[in-house]
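> predicted model, plus sequence, below.
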2 protein chains.
Amino acid sequence: MKALAVYSHPNHNSLNFAFLQKVIKGAEENAHISELKVLDLYKENFNPALVFNKEKRRRDMHNDPDLELYRKQILWADILIFIYPMWWGRPPAMLLGYIDQMFSANFAYKDKKGLLPEGLLKGKSVVCITTMKGPTNYPFLYLRNAHKILMKRALFHFVGIKKVKFFEFGNMEKKNGKQKEKLQKIYLYFKKYKGNFSFYKLF
Amino acid sequence: MKALAVYSHPNHNSLNFAFLQKVIKGAEENAHISELKVLDLYKENFNPALVFNKEKRRRDMHNDPDLELYRKQILWADILIFIYPMWWGRPPAMLLGYIDQMFSANFAYKDKKGLLPEGLLKGKSVVCITTMKGPTNYPFLYLRNAHKILMKRALFHFVGIKKVKFFEFGNMEKKNGKQKEKLQKIYLYFKKYKGNFSFYKLF
């Protein structure tokens, strides 16, 4: 399996960056993962603003030459790993701008008659690793899992990706937030990852 | 009352722009609204990427001189009106990047002991006007109102804004999507707006 880690945190001196290192280390020690590429959106100076107008049409976005490299990365990967902090209950604008531009019609999905399109990224898996300042159960208890629903239902299912696993780590700015244990958990997850999703649930 | 319309669509040849015109026209004819300012994020070339690092600390974001004009606009306004399309069940990265940078600690809220902070934007109202390609009941039936929950609970309530009204218009790419009626609805809403939120519900 080939893996692409999309990292969306502005600072390398961060817990998110430590999680990225654990993903890399785990994947390196996993015989089932032949290669892992890292896309560091901030380092890449990715422009999150999706622009379209008379000259640059939205319907041509799937052929935009500026985005070709990123499209190839997505097509290449069997596993997409997203690492990001939760800001206002959802990913940073940087990651969402990547999504706005990359998951384009006729690249990620194809409109059909009927309500749902044909997902063109079928067969891939997604793992989301996110950190929060607030408690771990805040998104579930107070936000009714809005973050997971948006990522899973409104995005990944729509483009044909059924296997989606979340790690939402709360209390990450607290001294007793068990950061070391969470980092170890991610390391072991990717070291042992075989492509099966035991925690996969349709909801 | 003073109103700020934050417009987040890349194209002026769009239904979103038509909605903006109706907001402007309604507000102009409303004696309760003394002034309306428009912030056109794309025209402004707003950079949606929130950057912080050793030199530019996140804790100083509320004093960032590059953002001072935008902070003043928010403080000035009694009503914040957001006009945007729904992409992947939520606002475009452009608007969310504005939010990432503007709703900063010690400007929009102040951390206190306990779970919830002190909202510093108390007393203001918010109206969100969004357009969707899919059917109007899609966010409710399939996405469990994730968009509203994120905007209302994770963001506006957090900064002290209790009065939040949504217009989510679906089928906006269909011929029979009743676009004219929706535009008229927005025009009349702002023409008659008195600051009361008859549809306001805590959820």
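Thanks, I have it. Numbers count the residues shown, from 1 in each chain, chains lettered A, B, ... in the order given.
> and chain A, which of its residues are near chain B?
Applying Cβ under 8 Å from any Cβ of the partner chain, we find that chain A lies next to chain B at A:10-11, A:13, A:42, A:46-54, A:87-90, A:92-94, A:96-97, A:99-100, A:103, A:115, A:134-135, A:142-147, A:149-150, A:153-155, A:158. C-beta coordinates here come from the backbone N, C-alpha and C atoms, glycine included.
> which of those residues fall in strands?
With strands defined by DSSP state E, no entry of these lies inside them.
> per-residue confidence for residue A:163?
Residue A:163 is assigned a pLDDT of 94 by the prediction.
> go on, the one 3 residues further on?
We have a pLDDT of 95 for residue A:166.
> re the thing from before, which of the residues of chain A next to chain B are buried?
A:10-11, A:42, A:46-50, A:52, A:87-90, A:92-94, A:96-97, A:99-100, A:103, A:134, A:142-147, A:149-150, A:153-155, A:158 (16 or more other Cβ atoms under 10 Å in any protein chain shown).
> quick one, phi psi at the residue nearest to residue A:124 when sequence neighbours are not counted?
Excluding its sequence neighbours, the residue lying closest to residue A:124 (Cβ to Cβ, 6 or more residues apart in numbering or on different chains) is residue A:161, at 5.3 Å. Dihedral pair for residue A:161: phi -90, psi 110, per degrees, to the nearest 10.
> and what of residue A:5?
Torsion angles, degrees, to the nearest 10, at residue A:5: phi -100, psi 120.
> chain neighbours aside, what residue packs nearest to it?
residue A:81 (4.4 Å).
> from memory the one you found sits against residue A:1, does it?
No. Residue A:81 is beyond contact range of residue A:1, at 11.4 Å (criterion: Cβ atoms under 8 Å).
> neighbour count winner among those two?
Between residue A:81 and residue A:1, residue A:81 has the larger neighbour count (other Cβ atoms under 10 Å in any protein chain shown), namely 27 against 17.
> got a list of what that one touches?
Going by Cβ atoms under 8 Å, 6 or more residues apart in numbering or on different chains, residue A:81 touches A:3-6, A:23, A:126-129.
> dump the residues you listed into a markdown table; add pLDDT and secondary structure as well.
Conversion of these to a markdown table gives the following (pLDDT from 0 to 100; DSSP: H, G, I helix; E, B strand; the rest coil):
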| residue | pLDDT | secondary structure |
| --- | --- | --- |
| A:3 | 98 | strand |
| A:4 | 98 | strand |
| A:5 | 98 | strand |
| A:6 | 98 | strand |
| A:23 | 98 | helix |
| A:126 | 97 | strand |
| A:127 | 97 | strand |
| A:128 | 97 | strand |
| A:129 | 98 | strand |
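> tabulate those in TSV, adding columns for neighbour count.
Output for those, formatted as TSV (neighbours: other Cβ atoms under 10 Å in any protein chain shown):
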residue	neighbour count
A:3	25
A:4	21
A:5	23
A:6	26
A:23	23
A:126	22
A:127	22
A:128	22
A:129	25
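> just those now: which is nearest residue B:168?
residue A:128 (25.4 Å; Cβ to Cβ).
> and that closest one, bridged to which residues?
For residue A:128, the beta-bridge partners under DSSP bridges are residue A:82, residue A:166.
> OK, contacts around it?
Going by Cβ under 8 Å, 6+ apart, the list of residues near residue A:128 reads A:81-82, A:84, A:151, A:164-167.
> chain A: helices as residue ranges?
Under the criterion DSSP state H, helices of chain A are mapped to A:15-28, A:68-76, A:93-102, A:138-141, A:146-149, A:179-192.
> and the angle for the third one with helix A:68-76?
This points to helix A:93-102. Calculated by axes from the mean of the first three to the mean of the last three Cα atoms, to 10 degrees, helix A:93-102 forms an angle of 80 degrees with helix A:68-76.
> in chain A, which helix or strand is least confident?
helix A:138-141 (a mean of 76; mean pLDDT, DSSP states H and E).
> contacts for that helix?
By Cβ under 8 Å, 6+ apart, the residues outside helix A:138-141 that reach it are A:86, A:89, A:132, A:145-148, A:168, A:170.
> ok, now with 6 Å
residue A:147 (Cβ atoms under 6 Å, 6 or more residues apart in numbering or on different chains).
> counting neighbours, which bits of it end up buried?
By neighbour count with 16+ other Cβ under 10 Å, helix A:138-141 contains the buried residues A:138-139.
> okay, which residue is most central for chain A?
residue A:82 (2.8 Å; Cα atoms, centre = their mean).
> my read is that that residue contacts residue A:4, right?
No. If you go by Cβ atoms under 6 Å, residue A:82 and residue A:4 don't touch, sitting 9.5 Å apart.
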